[in-house]
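Asks: one predicted model, sequence on top.
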Amino acid sequence: MQKLGDFKLPHFFNYPPYFTTQKIFIIGLEEEFPLFSNSVIERTLSHEAREAFLSALVSEGRTEWLDKGHRKCLILWHRIQDWADIILNFVKDNGFEDSVMTVEEIRSGIESRGTELHGIDRTILMRALKLLEQKGKLAIFKGTSADDEGVKFSV
């Protein structure tokens, strides 16, 4: 284990994703996952404890079950509502009110570079956009392919 002075760094310090913003992560209840076990004390959470832990995250909007059997869940970097707020701030900060952009421009365009939206998972982005559409903040329109889906902001 590495040290920083007298401080022992945690085991995940050498894990590359620790140094990379991870916006989407899927956990299966049956998988071996560091969060569910501690080899130092030789303990592992039971299936019920794992499900209770993840259910608590679901109730906070921090994760979502991907299946009806509650065997896999999606861990969200931000809640969908938080992503919607990030999109609105992006639109306002860049003067895109009453503008049209493609979905791909939002997630990989020049304007999104250096923001949390750059590289966002498309599924998460679409869910946040649909939430904003329900609130009347934008309209999503379909093109002939997924690459040319667009958004008309009305903020």
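Replies: Thanks, I have it.
Asks: count the residues that sit near Ile27.
Replies: Using other C-beta atoms under 10 Å, Ile27 has 18 neighbouring residues. To be clear about C-beta, it is placed using only N, CA and C from the backbone, and glycine gets the same treatment.
Asks: would you mark the buried spots in the helix or strand that contains it?
Replies: Applying DSSP states H and E as the criterion places Ile27 in strand 24-28. Within strand 24-28, the residues that qualify as buried are Ile27, counting by 16 or more other C-beta atoms under 10 Å.
Asks: given that strand, what are its sheet partners and their directions?
Replies: strand 72-76 (antiparallel) (DSSP bridges).
Asks: how far is stretch 36-44 from where the chain is centred?
Replies: 27 Å (C-alpha atoms, centre = their mean, to the nearest Å).
Asks: ok, residues contacting it?
Replies: Leu45, Arg50 (C-beta atoms under 8 Å, 6 or more residues apart in numbering).
Asks: what's the helix or strand for Asp98?
Replies: Residue-wise, Asp98 maps onto no helix or strand under DSSP H and E.
Asks: neighbours around it, how many?
Replies: 10.
Asks: please enumerate the helices of the protein.
Replies: 47-59, 80-93, 103-108, 122-134 (DSSP state H).
Asks: among those, which is nearest Trp65?
Replies: Comparison of these against Trp65 by C-beta to C-beta identifies helix 47-59 as nearest, at 6.3 Å.
Asks: which of the helices and strands in this protein ranks last by mean pLDDT?
Replies: When each helix and strand of the chain is scored by mean pLDDT, DSSP states H and E, strand 3-4 comes last, with a mean of 64.
Asks: now render the helices of the chain as CSV, adding mean pLDDT, mean neighbour count and distance to Lys152.
Replies: Conversion of the helices of the chain to CSV gives the following (pLDDT from 0 to 100; neighbours: other C-beta atoms under 10 Å; distance: least, C-beta to C-beta, whole Å):
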stretch, mean pLDDT, mean neighbour count, distance to Lys152
helix 47-59, 90, 14, 32
helix 80-93, 95, 17, 11
helix 103-108, 91, 18, 12
helix 122-134, 93, 17, 10
